[in-house]
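Enquirer: What follows is a predicted protein model with its sequence.
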Amino acid sequence: MTCILQLGPLTERFNRGLAAEHEVLALWEPGADALLDSHAQRIEIVVTSARFGCNAALIERLPNLRAIVSFGVGYDAIDVAAARARGIPVSNTPDVLNDCVADLAFGLVIDCARKMSRADRFVRAGEWPSGGLPLGTRVSGKRLGIVGLGRIGEAVAKRSNGFDMQVRYHNRRPVEGSPYGYEASLIEMARWSDFLVLACPGGDATRHLVSREVLDALGPKGILVNVSRGSVVDEPALVEALLEGRLGGAGLDVYAHEPKVPQALLDLPNVVLLPHIGSATEETRLAMEELLFANLRAFLECGELLTTV
Ligand code: 8YV
């Protein structure tokens, strides 16, 4: 039996399935850290997720580690460079979550623009008989700027067709053959956009890409939607821009220090706050589990992962 180190719990179904086929050391269970040293020599595979990651110190502790298999498309929390230096391949779960993350991004655009969550709070608080809500913003026909035209960004762009939107995107490089307009300058694109959707990877290359200047370019009527990583946005600058009315609104599924959400955001009426649920549907989470298992099996049977990062 292969000895696997699982860094954090996924679904009950997944945890049970993994433990039925392999010898699993579950790192979150009491006493597991102490066991880690005595098992370190035998551990061949690390099973982790976008949330639990895998740092260089842990990779170092496992002299016979052969692969890191992760749940989730983002791998910014995994020290891929440290793994590569040891020749250890890393897999993620791309593609299977594109639709659900893009659906959620579009949901956030519509919710922020049409004030749906705010209107729901208004009705529940019994305010309807005595007051009116401020008017929302039209969604159809507007300008959508996408930061990161990868697999998820493409799925967001596709959805905008049904809303007769104009689409532009910002990437490090233009995407060959793309029908959408490329903007080399994020500030210029933010100035042009009514809605700015972040769908790029996290990590050092995109840290605080959305700066105070970008937020100011998006402006007091602009709406920011983030379904990528909290690290992409300068969060204190975002809070300031919202508090000072320099930004129209924000729909956020991700934050700089999850699960912490800045108190100022909780107090603002013009933000929609979700607890990192982009891929959190029954169908997509099952597909992600299956892809993780497929990677694991392929590695153990043929020595190769299917979807390497
Ligand atoms: C993760 C995510 O599934 O895929 C990603 O990169 O952020 C989510 O879909 C979730 O964080 C579980 O780790």
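Expert: Perfect, I can see it now.
Enquirer: who in this structure is up against the ligand?
Expert: By the rule Cβ under 6 Å from any ligand atom, the part of the chain lying against the ligand is S49, A50, R51, F71, G72, V73, G74, L97, H276, G278, S279. Where you see a C-beta, it was placed from the backbone N, CA and C, and this is true even at glycine.
Enquirer: And the closest residue to the ligand within the stretch 101-250 of the chain, how close does it get to V80?
Expert: When scored by Cβ to the nearest ligand atom, the stretch 101-250 of the chain has V101 as its residue closest to the ligand, at 7.0 Å. In this view, V101 and V80 are 21 Å apart by Cβ to Cβ, to the nearest Å.
Enquirer: Likewise for Y255?
Expert: Relative to V80, and taking Cβ to Cβ, Y255 is found at 23 Å.
Enquirer: Surely I4 is in a strand?
Expert: Yes. Counting by DSSP: H, G, I helix; E, B strand; the rest coil, I4 is part of a strand.
Enquirer: Quick check, it in contact with G17.
Expert: No. With contact defined as Cβ atoms under 8 Å, I4 does not reach G17; the gap is 11.9 Å.
Enquirer: higher neighbour count, these two?
Expert: Using other Cβ atoms under 10 Å as the criterion, I4 and G17 rank with I4 on top: 23 against 15.
Enquirer: what residues are up against the more buried one?
Expert: L18, H22, E23, V24, L25, I43, E44, I45, V46, V47 (Cβ atoms under 8 Å, 6 or more residues apart in numbering).
Enquirer: could you redo the last one with a cut-off of 7 Å?
Expert: Counting by Cβ atoms under 7 Å, 6 or more residues apart in numbering, I4 touches L18, H22, E23, V24, I45, V47.
Enquirer: From the ligand, how far off is it?
Expert: Distance check for I4 against the ligand: by Cβ to the nearest ligand atom, to the nearest Å, it reads 17 Å.
Enquirer: how close does that residue sit to V96?
Expert: To V96, I4 is 22 Å away according to Cβ to Cβ.
Enquirer: Over to R297?
Expert: Distance of R297 to V96, computed by Cβ to Cβ: 16 Å.
Enquirer: Quick check on those two: which one has the bigger neighbour count.
Expert: Neighbours were counted for R297 and for V96 using other Cβ under 10 Å; V96 has more, 19 against 12.
Enquirer: And that one, how close does it get to L291?
Expert: Using Cβ to Cβ, we find V96 at a distance of 6 Å from L291.
Enquirer: Then A102?
Expert: From A102 across to L291, the span is 18 Å (Cβ to Cβ).
Enquirer: ok, those two, which is more surrounded?
Expert: Just comparing A102 and L291: by other Cβ under 10 Å the higher neighbour count belongs to A102, 24 against 21.
Enquirer: if I pick the closest residue to the ligand within the stretch 201-309 of the chain, what's in contact with it?
Expert: Per Cβ to the nearest ligand atom, S279 is where the stretch 201-309 of the chain lies closest to the ligand, at 3.3 Å. Going by Cβ under 7 Å, 6+ apart, S279 touches L97, C100, V101, R285, M288.
Enquirer: show me the contacts for the first one.
Expert: Spelled out, that is L97. V73, S279, T284, M288.
Enquirer: Repeat the analysis, applying 10 Å as the threshold.
Expert: Neighbouring residues of L97 by Cβ atoms under 10 Å, 6 or more residues apart in numbering: 72-74, 104, 151-152, 155, 278-281, 283-285, 287-288, 291.
Enquirer: so for stretch 289-296, what's the average pLDDT?
Expert: The average pLDDT within stretch 289-296 is 98.
Enquirer: ok, which stretches of the stretch 1-150 of the chain are helices?
Expert: Taking DSSP state H, counting those that start in this stretch as the test, the helices found in the stretch 1-150 of the chain are 12-21, 32-39, 56-61, 80-85, 98-114, 116-124.
Enquirer: and those helices as TSV, adding distance to G131?
Expert: Supplementary listing: the helices of the stretch 1-150 of the chain in TSV, determined by distance: least, Cβ to Cβ, whole Å:
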stretch	distance to G131
helix 12-21	45
helix 32-39	54
helix 56-61	54
helix 80-85	52
helix 98-114	18
helix 116-124	8
